[in-house]
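K.L.:
Provided below for reference: sequence and predicted model.
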Amino acid sequence: MLSNKELYRISKRVYREGILHGQLQSAGSDQARFLEKIDKDKTQRSPDIILKIMSAIYIAGLVTIPIFALITIHSTLSSGIDPSWVTFVGSLSVSGFLVMQPAILLIFSFMFTWGIMSGGPYKWIHTLPLGRKDIERIGFFTFLRSINVQLISMSLVLPTGIVVSIVVVLGSEISVLSLILLIVSSLLLSIINLVFNLSLLVIISRKMAIIMEDQEVNSRKTNIIRVVSMILYMIIAMGVMYLIQIAIAKIPELYAMQSWTADTTNVVNIILSIIPFPFAGGYLLTIIAMDFTNVSGVLIGGSLLGLILFIFLTYFIYKKALSTLRNISSTELKKYSMEKKEVFVEDITIKTSGPTLAFLKRDFAIITREMSSIMIMIMPFMIPLYMLFIPIDAQVTIGPAGLTIVMIIMLFYVSMVSVMLVMGLTNIESGGSTITASLPISVRDQVKSKVPHFVVTIPLALIVAMLMRIGTSQFTQLISFALAFLPVIPIVCLASLFFKAFLFGKMKHKIVLEEIKLERKVVKHILVFVFTFGLMAAFIFVSAYGFLYLGIAEVVSAILLYITYNIMFPK
Amino acid sequence: MITEKSAMVSVTNLTKSFGTVVAVNDISFEVKPGEIFGLLGPNGAGKTTTVKQILGLLEQEQGEIKVFGLDPGKDDVEIKRNIGYVSEDPLIYKSMTPRMLFNFIASIRGMDESETTKKLQYYFESLEAVEYYDKLVATLSRGNKQKMQVIAALIHEPLLLIMDEPLTGLDAKSAKVVKEILELHKERGGSVIFSTHILEVAEEMCDRIAIMDKGKIIAMGTVEELSKMANKVGADLEDIFLKLTNQDESVNHIVKNLRNMINGNKRS
């Protein structure tokens, strides 16, 4: 038997293996390119560190919501608001924080824990002369390593926040007994919550790992999981700080906005307080922070009962998680037999189409299955989210000048997404280089097949973004701005594609879309970005003189682009 | 205009550098109709650079290449109508199924649906790959990916096949089938540029062999002619190859050291 210290050291290797396994799973069919990338760039090997720190910071940031709700309780009560409603709002704030914790933990850790949970990283451990118990403990330590930073944040942030805020703000307003109870109960709640969240992470990651390992590398099911986790990640990464700001601004309004009668609120409070997660803990802390003022014994009993249920629930989930962890480290994932479809020679048929349509079909097949391509196609549809998070109604951006600023920000974002789309679509060409190398491909057809992406994807996303503001006073102005700029997007995208092809694919007698000239690659990529941004800026500048001038600029650019297309890619 | 009587491929004084590294240094050779031409050499010898220039994927720097009498730099589309290519690393779209892949290939090549279907059925059956027709390429084994590459190279019955390690990963039966297909292709007047590390295969299949080392062709001819050049009459191609690339002494030295090490560590 090895010592725990030695096993913890060994677990570092398993952990790194698990990270790589998870990254490879995320890369999908891009695995070869990913391996090449991490071979060149060593920093790519530890992306977990940034995510760990980010999730710890987010958890720490979120604690401001319940803390703010708790420290304003006394002033709210003294202003004459119904105590049952104060209890309700305060509990919701704390419960919201308790729910956000596992959500952040899952989304930020999931990308790596599923690699560890697949059992794959333990394969080589089994070839070493280690006992079963040692391997089980390595499994436990490996998991701990994957969430060590978040673990510190989750266990300390709530009690520390409460202690600090109580000392600073509530010191004189709360009894000593309540003060001690609040510290002890927040500590207890943090520990239970921590065990509950970690157990949940183990179980969900394992379930996901089973799906990911059991499916074909590029199946749509695995890609849906990857995409959903990526979108959730983006939403949380973009939205948490916004959520904190909104919550702190709205909590005083919520306290003052009683919608139900006191009786109804009391009944709702009692029912919710019995629900173990996340409400029981929320109610308990709120009741103590209220110094038990005007709180019924039933509600106190309900929240205590809820807390006991939460302890039982946590214990049950913990046992299940422990057994899951044991199974992962001691056995590999069982490969589930998949129904085998019998194929007859008669099934082998060919269906041909024109070259442009063939390229479009190929691009579609790849885009819907490869993670990097999926993300590039999804990026434009993050524009509406971006729109949602821009506080147009805030005083800084109100009025025509403010709206123009918002539109300019949006359009620069659009040009950035355009470059990404161009890069993504041209990268598809390199994925099947053996095939394309031997095919009599007309570059003209290749270029034509990219046009529908430029005409549909980003313009559609821009329209959706504007529709997010439907019903507001700025809607007409925003939609007319967006419609006027719609033709600009395919023009900018195509110009960017031509420029990229010119820099990377210019040969003696022709220009190709593939990246042939790889010297000074970084400089060329920067040039493509600068060119695209410059072009977009020029259109924005022209639009300042009125939509008529913008229209003329669009027509002239389209003609110039068509001439360039014929020169660069002759028939 | 493609004429089958002239040399299929003619390479004259070809030189290609990448920065300060000379990848191909003044090489010349011809591939005649109905000939399997072997291109042998250690890693980094310049074989792939040569092949890529023949395909028009790399720009020519010095010298001249003619494929079917045409310049690959200018007329690559015309040339590729009559070329089949198998690369050492099967870079075929992993996110497509063979069905999607062959639909794409047939569409780009403008092939007839019913005729191509018949040929495809024949090749899939011969190489025992029927069951993989609707599987994603990413999930196929190395050998099955190789089969897809080989079929993609053969399906349009090209005049010239350029094959870089075409038998890698194939089981014995499929390898035999591919070899027979290449023999048939040759009998019908087609040519093959065959690059391989498996010297027994090169010895068995190639009519003429060019041995490349450090960007140069150091010897070219039939196996008999090469054995005379290496002063190893009657020796197999492996010995001839090692002698011509000056690796024979180094190999003997390694083997001697290995024996000493193993004998020294012998368990009692």
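P.N.:
Looks like it arrived, so ask away.
K.L.:
run through chain B and note the low-pLDDT ranges.
P.N.:
B:1-5, B:265-268 (pLDDT under 70).
K.L.:
quick one: the strands in it?
P.N.:
Ranges of strands within chain B are B:9-18, B:21-31, B:36-40, B:62-67, B:83-86, B:160-164, B:191-195, B:208-213, B:216-221, based on DSSP state E.
K.L.:
the third one pairs with which strands, parallel or anti?
P.N.:
On the basis of DSSP bridges, the sheet neighbours of strand B:36-40 come out as strand B:191-195 (parallel), strand B:208-213 (parallel).
K.L.:
what is the orientation angle of the last one with strand B:216-221?
P.N.:
Inter-element angle recorded for strand B:208-213 and strand B:216-221: 160 degrees (by axes from the mean of the first three to the mean of the last three Cα atoms, to 10 degrees).
K.L.:
could you check the angle strand B:208-213 makes with strand B:21-31?
P.N.:
For strand B:208-213 against strand B:21-31, the angle between stretch directions is 170 degrees (the same axes, to 10 degrees).
K.L.:
OK, contacts around the residue lying closest to B:His197 once chain neighbours are set aside?
P.N.:
Leaving out its chain neighbours, the residue that sits closest to B:His197 by Cβ to Cβ, 6 or more residues apart in numbering or on different chains is B:Glu165, at 6.8 Å. Bear in mind the C-beta positions are built from the backbone N, C-alpha and C, glycine included. Listed by Cβ atoms under 8 Å, 6 or more residues apart in numbering or on different chains, the contact set of B:Glu165 reads B:86, B:88, B:195-198.
K.L.:
repeat the analysis, applying 7 Å as the threshold.
P.N.:
Neighbour list for B:Glu165: B:88, B:195-197 [criterion: Cβ atoms under 7 Å, 6 or more residues apart in numbering or on different chains].
K.L.:
what's the answer for A:Ile59, then?
P.N.:
Taking Cβ under 7 Å, 6+ apart, one finds A:101, A:104, A:150, A:153-154, A:157 in contact with A:Ile59.
K.L.:
can you do 6 Å?
P.N.:
Residues counted as contacts of A:Ile59 (Cβ atoms under 6 Å, 6 or more residues apart in numbering or on different chains) are A:101, A:104, A:153-154, A:157.
K.L.:
for B:Asp236, state which of the residues you listed is nearest.
P.N.:
Closest approach to B:Asp236 among the contacts of A:Ile59 (Cβ to Cβ): A:Ile104, at 65.7 Å.
K.L.:
now do the helices in chain B.
P.N.:
In chain B, the segments counted as helices under DSSP state H are B:47-54, B:76-80, B:98-109, B:113-126, B:142-154, B:172-187, B:199-205, B:223-229, B:237-244, B:248-264.
K.L.:
partners of B:Val22 in the sheet?
P.N.:
Where B:Val22 sits in a bridge, its partners, by DSSP bridges, are B:Ser17.
K.L.:
does it touch B:Gly215 like I think?
P.N.:
Yes - contact criterion Cβ atoms under 6 Å: B:Val22 and B:Gly215 qualify, at 5.2 Å.
K.L.:
neighbour count for the two, which is higher?
P.N.:
B:Gly215 (23 against 17; other Cβ atoms under 10 Å in any protein chain shown).
K.L.:
how about that one, what does it touch?
P.N.:
Listed by Cβ under 6 Å, 6+ apart, the contact partners of B:Gly215 are B:22-25, B:46.
K.L.:
again, 10 Å this time
P.N.:
Contacts for B:Gly215 (Cβ atoms under 10 Å, 6 or more residues apart in numbering or on different chains) come out as B:14-17, B:21-27, B:41, B:44-47, B:49-50.
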